[in-house]
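>>> below: sequence and its predicted model.
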Amino acid sequence: MGFKDLSLEKATELRDHGVSTEFVKELQRMGYKDISLHRAQQLRDHGVSVSFINGFKEVGFSNIDLEKAQELRDHGVSPDYIKKLQKKGLNNLSLNEYERLRDSGM
């Protein structure tokens, strides 16, 4: 992973929060090269997974940053939610627009 001087306590904390070596390596392979362990832990705490991020590529959003992924997860906007709206004709919206629709109860 490239993280030096990782204490046993920190390694245990990361494991307890669902942060694995594979999770960090996958994020790095996806282009998130400078991810810190703290940021990886925040993502896992908010339910952001590699498959969650990859799902947005399937609905037309390939360059999603980690902050936005966390925000979308927190607001209940998933790739499946966007797919459902796209099937109803709500295409070509931005992630912010999908988020506003979700927040408004749609």
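Received, thanks. Numbering: from 1, shown residues only.
>>> Q41: neighbour count?
18 (other CB atoms under 10 Å). In short, each C-beta sits where N, CA and C put it, glycine included.
>>> oh, that last question was meant for M106, not what I typed.
So M106, with other CB under 10 Å, has 11 neighbours.
>>> quick one, what contacts it?
For M106, the contacting residues are L85, by CB atoms under 8 Å, 6 or more residues apart in numbering.
>>> need the helix or strand of this protein with the lowest average pLDDT.
None of the helices or strands of the chain scores lower by mean pLDDT, DSSP states H and E than helix 8-16, at a mean of 84.
>>> residues of it that come out buried?
Across helix 8-16, burial judged by 16 or more other CB atoms under 10 Å covers L14.
>>> need the contact partners of it.
For helix 8-16, the surrounding residues in contact (CB under 8 Å, 6+ apart) are S20, L37, A40, Q41.
>>> likewise for stretch 67-82?
Residues from elsewhere that reach stretch 67-82 (CB under 8 Å, 6+ apart): 42-43, 46-48, 52-53, 55-56, 58-59, 64, 95, 98-99, 102-103.
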